[in-house]
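K.L.:
Pasting a predicted model and its sequence here:
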Amino acid sequence: MHLLLPILATLIWAGNTIVNKLSAGAIEPAAISFYRWLVALLVLTPFMLPRVWKLRAQVRPHWRKLIVLAALGMVMYQSLAYFAAHSVSAMSMGLIVAAIPPMTMVIGMFVLKTRPSPGMLIGALISFAGLSWLLSGGHPARLLQQGLGRGELMMLLAASSYALYGVLVKRWALPIPNGESLYLQILCGSVLLLPGFLLAPSVALTAQNLPLVLYAGLLASTVAPWFWMHGLLRLGADKTSVLMNLTPVFTAVFAVLFLGEPLQTYHWIGGVLTLLGVATAQALRQRPTTPLRAQECAS
């Protein structure tokens, strides 16, 4: 059971990438971005608001940081993915997201002042080679000649924002329980997304897009995080984080089965290299070392 729940979380998140793709043309990106977190907020409020209210004195000094985390994890990451879905395949989206761990490592070198092990650097280079192969459709030289497409650039920015989110979560180490912190970020994210929602050309809920909103709001934003946190508590961070590598694999399977997307050779090569790099970094990693001001960097 302890292993099953985080695996189910990866399945749900893989399914949400399919939802991202299906939402293109069915609902405005600004609308589904807002509705998603509003649904999660409404579901969680009866359970979390009393607990957050008791911690209000503890939360108050950190509200600015909670807003920044919400902007990165709930607003930029999700909204950019919805916009990117208009021109990027679900399979490519899932494989780009697979590059978040090496992006996190690189950003952590600057923000946390960590010195990754040689194995982690080798893994990151392999992952970025795979990402380059994927983004260029198997012709990396094209990236230098033509640059990235708009959708691919949006997905890279989305992945980078989530990588920075992960680094800042570790950097700040807010003294707020995970559940309460997530709820507060959802609250802040809903507020930040409201102006875009009000300015969207259409925010109507229809029989076509309502199931997509409910999947994103209930399963991907509420159930899956609970499953994942259960895995973290029972299995530990190291064992649970390895399971995240299943998400792009499940995404590729779902894209073929439900969207009929073709699995091209460059998907195989880019995806395998990206995941191989992540696996290499995890297998060869050592405790990262920090300079003399380690305590300050970890605060």
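P.N.:
Cool, the structure landed.
K.L.:
I'd say His19 and Ala220 touch.
P.N.:
No His there; residue 19 is Val. Yes - counting by CB atoms under 8 Å, Ala220 is a contact partner of Val19 at 7.3 Å. For every residue, glycine as well, the C-beta is placed using N, CA and C.
K.L.:
And the residue nearest the centre of the chain?
P.N.:
Tyr162 (5.4 Å; CA atoms, centre = their mean).
K.L.:
Export stretch 186-206 to CSV, keeping only CA atoms.
P.N.:
What follows is stretch 186-206, C-alpha atoms only, in CSV (Å, rounded to 0.1, in the frame of the first residue of the first chain):
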residue,chain,number,x,y,z
ILE,A,186,-3.3,27.2,-3.4
LEU,A,187,-5.1,30.1,-1.7
CYS,A,188,-2.4,32.6,-2.9
GLY,A,189,-2.3,31.0,-6.4
SER,A,190,-6.1,31.4,-6.7
VAL,A,191,-5.9,35.1,-5.9
LEU,A,192,-3.0,35.6,-8.3
LEU,A,193,-4.8,33.9,-11.1
LEU,A,194,-8.1,35.8,-10.6
PRO,A,195,-7.1,38.9,-12.8
GLY,A,196,-6.3,36.7,-15.8
PHE,A,197,-9.5,34.8,-15.3
LEU,A,198,-11.5,38.0,-15.3
LEU,A,199,-9.8,39.2,-18.5
ALA,A,200,-10.2,35.9,-20.3
PRO,A,201,-12.4,36.0,-23.5
SER,A,202,-14.5,33.2,-22.2
VAL,A,203,-14.7,31.4,-18.9
ALA,A,204,-17.8,29.3,-19.5
LEU,A,205,-18.0,25.8,-18.1
THR,A,206,-19.5,23.3,-20.6
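K.L.:
Give me the residue ranges of the protein where confidence is low.
P.N.:
1, 144, 146-147, 238, 285-299 (pLDDT under 70).
K.L.:
quick one, strands of it?
P.N.:
When assigned using DSSP state E, the chain turns out to have no strands.
K.L.:
which helix is the longest one in it?
P.N.:
For the chain, the helix with the greatest residue count under DSSP state H is helix 29-54.
K.L.:
Who are the packing partners of that helix?
P.N.:
With contacts taken as 3 or more CB pairs under 8 Å, 6 or more residues apart in numbering; DSSP states H and E, helix 29-54 sits against helix 77-84, helix 178-199, helix 210-214.
K.L.:
rerun that using 10 Å as the cut-off
P.N.:
Applying 3 or more CB pairs under 10 Å, 6 or more residues apart in numbering; DSSP states H and E, one finds that helix 29-54 contacts helix 4-23, helix 56-59, helix 77-84, helix 178-199, helix 210-214, helix 224-235.
K.L.:
Determine the angle, from 0 to 180 degrees, between it and helix 77-84.
P.N.:
Interaxial angle of helix 29-54 relative to helix 77-84 (axes from the mean of the first three to the mean of the last three CA atoms, to 10 degrees): 170 degrees.
K.L.:
now helix 29-54, how far from the centre of its chain.
P.N.:
18 Å (CA atoms, centre = their mean, to the nearest Å).
K.L.:
Could you do stretch 133-148 as well?
P.N.:
24 Å.
K.L.:
got the end-to-end distance for it?
P.N.:
One end of stretch 133-148 sits 12 Å from the other (CA to CA, to the nearest Å).
K.L.:
Now do it: everything it contacts.
P.N.:
88, 91-92, 95-96, 98-99, 129, 132, 149, 152-156, 264-274 (CB atoms under 10 Å, 6 or more residues apart in numbering).
K.L.:
Setting aside sequence neighbours, what's the nearest residue to the residue nearest to the centre of the chain?
P.N.:
Among residues not flanking Tyr162 along the chain, Tyr77 sits closest, at 4.4 Å (CB to CB, 6 or more residues apart in numbering).
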